[in-house]
Each structure stands twice: as C-alpha cells, then as structure tokens.
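J.: Structure for the following, please:
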Amino acid sequence: MVGLSLVEALSKASSRSTPSSWKVYAVARRPKPRPSIIIGASSRSKYNALLTWVAYALICKQENEPFRFPGRKYSWDHFCDVSDADLLAEQQIWASTTDKAKNEAFNCSNGDVFTWKSMWKELARVMSVPYVPFSGESFDISKAMSDKGRLWDDIVSENGLCETKLEENATLNLLTCFFNLSVTV
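T.: Okay, the predicted model is just below:
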C-alpha cells in the first residue's frame, strides 16, 4: 500500500475483508479545497483563530494602538482561505448520516480566497481599531501581548463579558503560525 493515498488504501483494505465503510475529512495530502484555517464562534476551542483576532483587536482598541499585522510579507500578499466551522460541521453531520456518502472522501471549504492585505483593513474597521498597513517587518505578537492579562481582565469587566483569562481566549502562537507561513494555505 506504499505510495497510495489514504482513500486508495482504505478502498483496497475494505474490498479485501468484510464490507465496511469509511469517510475521510481534511487529510494532509489534500488537493484544494479541503479546509485550511477553520474559524468559528466557540468558547471551548483552544485553537480558535477568531477569538484570538478579536482579543488582539480589543486590546489594541483599549490601548489606542494600531492593529498591526503580526506576520511576514508573504502571508500579507498571498491568497489564503478560511473555512467556517459551522459549515464544516454541517457537512460532516450530513456525510455521517447519509448512506450514499459511505466510502467517499469529502472536501469542504467556503471557497472564498482573500489576501490579508485586503482583510486586515476590514477587520480593523469592523473592530473600530486604528489600522496601519503592513510595515514590512514582522513582530512577535506573543511577546507583545505577554503582559496584557490585567488589561484583558479590565476589558472583560467593563463590557460584562464572560469571565475568562486572556490565555483562555487568545492562542497567540496560532496567529504566529498562520501569519509567518511561506506557503499558501
């Protein structure tokens, strides 16, 4: 089975033994459009890019600091996509409850592509935070946010938010990973 894709290997294995069924979601060897960055509103997702972006923007807003892009020029300029967690969940529920979906691999992506160059300005506008274009220099967002825990507590208190710690909502190393890639996702 060396050299076979996961779908090919599963097909061979299930044809040799008793009938079985399988499904494949978002495997590593993936033609587009399998999801790359998955976002959605969830207070229980440790790696939630959406909550991390929002926490970073709120802290910038509170300090009247610009909403700087914490990545590399490559990530700023090249196309990217994100997929909605609800869309992906609906697709997985459908595939797991539909008989005709047995023994198939599924792609699920919103299908929209964008550049962070165009998206970052829109995120700043939506969050009412000062925008600055990418300076060409990356910065360490984890280090920049490392002492913002008390400020986050103030934001939570002032806005009547669910009491959480900054590190519960903001997975800053995730943003560092997303924005410092040298390949298109």
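J.: Surely residue 86 is within a helix?
T.: Yes - Residue 86 forms part of a helix when assessed by DSSP: H, G, I helix; E, B strand; the rest coil.
J.: Could you find the closest non-adjacent residue to it?
T.: Nearest non-adjacent residue to residue 86, counting by CB to CB, 6 or more residues apart in numbering: residue 40, 5.9 Å away. C-beta here means a position set from N, CA and C on the backbone, and glycine is covered the same way.
J.: Kindly report the same for residue 57.
T.: residue 127 (3.9 Å).
J.: what's near enough to touch that neighbour?
T.: By CB atoms under 8 Å, 6 or more residues apart in numbering, the contact set of residue 127 is 54, 57, 58, 61, 67.
J.: Among the residues you listed, which ones are in helices?
T.: Among the contacts of residue 127, DSSP state H puts 54, 57, 58, 61 in helices.
J.: pLDDT-wise, which helix or strand of the protein ranks last?
T.: In the chain, the helix or strand scored least confidently by mean pLDDT, DSSP states H and E is strand 23-25, which has a mean of 57.
J.: If I look at the residue nearest to residue 86, what pLDDT would I see?
T.: In this model, residue 40 is scored at 77, pLDDT.
J.: For residue 157, see how far away it is.
T.: According to CB to CB, to the nearest Å, residue 40 stands 26 Å off from residue 157.
J.: Show me which positions of the helix or strand containing residue 156 end up buried.
T.: Following DSSP states H and E, one finds residue 156 within helix 149-159. For helix 149-159, the neighbour count (16 or more other CB atoms under 10 Å) marks 152, 155, 156 as buried.
J.: Nearest residue to the last one in space, please, no chain neighbours.
T.: Distances taken as CB to CB, 6+ apart place residue 163 nearest to residue 156, at 6.0 Å, with adjacent residues excluded.
J.: what ranges of this protein fall below the confidence cut-off?
T.: In the predicted model of the chain, residues 1-35, 42-47, 182-185 satisfy pLDDT under 70.
J.: just to revisit the earlier point, which secondary structure elements does the helix holding residue 156 contact?
T.: With contacts defined as 3 or more CB pairs under 8 Å, 6 or more residues apart in numbering; DSSP states H and E, helix 149-159 has these neighbours: helix 49-62, helix 166-169.
J.: residues in contact with the first one?
T.: Applying CB under 8 Å, 6+ apart, the external contacts of helix 49-62 come out as 37-43, 45, 65-68, 70, 82, 123-124, 127-130, 141, 145, 148, 151-152, 154-155, 166, 169-172, 174-175, 178.
J.: How about the last one?
T.: Contacts made with helix 166-169 from outside it, assessed by CB under 8 Å, 6+ apart, are listed as 43, 48, 51, 52, 54, 55, 145, 148, 149, 152, 153.
J.: just stretch 140-147 next, same as before
T.: Stretch 140-147 is contacted from outside by 56, 59, 70, 166, 170, 172, 173, 175, 176, using CB under 8 Å, 6+ apart.
J.: Done for today, thanks.
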